[in-house]
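# pasting the sequence and the predicted coordinates here, then a few questions.
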Amino acid sequence: PYQTPEFHVEDEMTLLHTPEGDMPVSVFGSHNLQNLAGAKWICQHMGIDEEDFYEAISSFKGASKRLEKIAETSKAIVFKDFAHSPSKVMATTKAVKQQYPKKQLLACLELHTYSSLNAEFLKEYKGALNAADKAVVYFSPEAIQNK
């Protein structure tokens, strides 16, 4: 199994520890860095050497709709994340707080899937937004009618 690669966050930038030294990457959060380690493992088994992997990953901006930066001003940064399972919501919230520890984190969660609107499943979200300074959970009454 692959692990979370060694990294640290400095001035709101994730720096991946590589054999060539610290390398800034656009993706952040332990979950995303674990995926990066998995991609590296697969690439190396396909014959892509470590140096070429790091060169390619340096420009990787992340998967669409997964911790995707959609706006930034001098006062705020807005991310969209299509995390829908409780563990992914928690991982995303922790990642943003780790990346931006001095900023106030407002996390908004829309419940809209069949499972997230299920009364029995709702308890699985307990604690998922704890890393946020403020949390907002919302749903569309129309979505509930359609489900």
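Arrived safely. Quick caveat: nothing in here was measured; it's all calculated off a predicted structure.
# just the strands from the chain, written as ranges.
In the chain, the segments counted as strands under DSSP state E are 7-10, 13-18, 21-25, 68-72, 77-80, 106-111, 134-139.
# okay, which residue is most central for this structure?
Nearest to the centroid of the C-alpha atoms of the chain, with distances taken as Cα atoms, centre = their mean, sits Thr92, at 4.1 Å.
# for that residue, which residues are in contact?
29, 31, 67, 81, 83 (Cβ atoms under 8 Å, 6 or more residues apart in numbering). Where you see a C-beta, it was placed from the backbone N, CA and C, and this is true even at glycine.
# so who does the first one touch?
Taking Cβ under 8 Å, 6+ apart as the definition of contact, the neighbours of Gly29 are 67, 91-92, 94-96, 98-99.
# where's the residue nearest to the centre of the chain relative to Lys69, distance?
13 Å (Cβ to Cβ, to the nearest Å).
# so Ser58 touches Val27, yeah?
No - with contact defined as Cβ atoms under 8 Å, Ser58 does not reach Val27; the gap is 10.8 Å.
# ok, the two, which is more surrounded?
Val27 (19 against 13; other Cβ atoms under 10 Å).
# where does the more buried one land on pLDDT?
Val27 is assigned 95 on the pLDDT scale.
# and for Gln145?
79.
# how about the helices of the protein, start to end?
30-45, 50-57, 86-99, 119-122, 141-146 (DSSP state H).
# residues contacting the helix or strand of the chain with the lowest mean pLDDT, please?
Within the chain, no helix or strand scores below helix 141-146, which has a mean of 79 by mean pLDDT, DSSP states H and E. Residues from elsewhere that reach helix 141-146 (Cβ under 8 Å, 6+ apart): 112, 117.
# alpha carbons only: can I get that helix in PDB?
Extracted in PDB, the C-alpha atoms of helix 141-146 (Å, rounded to 0.1, in the frame of the first residue of the first chain):
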ATOM      1  CA  PRO A 141     -37.000  21.100  -0.400                       C
ATOM      2  CA  GLU A 142     -37.500  20.400  -4.200                       C
ATOM      3  CA  ALA A 143     -34.700  17.800  -4.000                       C
ATOM      4  CA  ILE A 144     -36.400  16.100  -1.100                       C
ATOM      5  CA  GLN A 145     -39.700  15.900  -3.000                       C
ATOM      6  CA  ASN A 146     -37.900  14.500  -6.100                       C
END
